[in-house]
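In: mind looking at a prediction? Sequence and model below.
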Amino acid sequence: MTDQPGREKWADPKSDPRSVDELISSALSESDDGLAWDCISALQWKGSREVFERASGLCRSFCPVERSMGADILGQLGVPDRSFPKSCLSVLLGLLEAERDEDVIRSILIALSHLREPGGIEPAARFRDHANPDIRHAVVHAMTGHEDLLAVEVLIGLSRDPDPHNRDWACFSLGDMIELDTPNLRNALAERLSDEDDDTRCEALAGLARRGDSRVVEPLLKALASESVSTLEVEAAELIADPRLYPELLALRGWWDVNEALLERAILACSPPES
């Protein structure tokens, strides 16, 4: 039961009956972030020329809240099929060129990550060294899924970011979200095998194991013998399929019940060959 009138009725953005004007007005005046995003989602689902024009107008506003919302709408305009992606990219890049408000910059970068247009890579990459870690995090998202050399270079740099959250996501983007396999990419992941942040370390393990890099075996032996074993560590063992990991995986049967099917697959993958 919700105590917010109307939210349950219009929870599905496809069925929201409000007009474009009503949705924009509600999104700008709503104090509840969830309700405001309900309006933005409904606008994205509409995906019409009218929504594009109104969102573009918001991007030209003197008000940073309005510019940010305009970027939010354009980033995912048209669901599931994007509407006017090249035009949305042009508006966002024009806004990014002179934007100084950090919240708006973050919204633009996240919007570019949703558009996934190659033309957004170089403009977004300019913010890789920004002092605000939230903006650097948005850069990670803007680079994710691209195998463009600049995007990979930026992600490699951000895999060394002072903020562990950014290192974690950069390693996930390098290791899991692209198929590219280069020495520089592998070495960047290998640098994180002893990272003090467990999430970052585990993403690096999985990313290297996915590429068959034997440097993961020794760290995995240590990890699997510890008192706390993550799903990603067992997944990495399955991916690397090295018999040296077999005894430690067998020992997990006695207590590790996080994902028993995954554990059994890892044991099978690492089983020593029959003599």
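Out: Thanks, I have the structure now.

In: helix or strand: which one has the residue most central in space within the chain?
Out: Compute the mean C-alpha point of the chain, and by CA atoms, centre = their mean the closest residue is residue 141, 5.0 Å away. Residue 141 is part of helix 133-143, with elements assigned from DSSP states H and E.

In: what about dumping the CA coordinates of that helix to PDB?
Out: These are the backbone C-alpha positions of helix 133-143, laid out as PDB (Å, rounded to 0.1, in the frame of the first residue of the first chain):
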ATOM      1  CA  PRO A 133      34.300  11.400  -7.900                       C
ATOM      2  CA  ASP A 134      30.700  11.200  -8.900                       C
ATOM      3  CA  ILE A 135      31.500  12.800 -12.300                       C
ATOM      4  CA  ARG A 136      34.400  10.400 -12.700                       C
ATOM      5  CA  HIS A 137      32.000   7.600 -12.000                       C
ATOM      6  CA  ALA A 138      29.700   8.900 -14.700                       C
ATOM      7  CA  VAL A 139      32.600   8.800 -17.000                       C
ATOM      8  CA  VAL A 140      33.100   5.100 -16.300                       C
ATOM      9  CA  HIS A 141      29.500   4.600 -17.400                       C
ATOM     10  CA  ALA A 142      29.900   6.700 -20.500                       C
ATOM     11  CA  MET A 143      32.900   4.500 -21.500                       C
END
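
In: got a list of contacts for the helix or strand following that helix?
Out: The C-terminal neighbour of helix 133-143 among helices and strands, as given by DSSP H and E, is helix 149-158. With contact meaning CB atoms under 8 Å, 6 or more residues apart in numbering, helix 149-158 is reached by 121-122, 125, 128, 136, 139-140, 143-144, 146, 166-167, 169-170, 173-174, 178, 180, 182, 184-185, 188. All C-beta atoms are positioned from the backbone trio N, CA, C, and that covers glycine.
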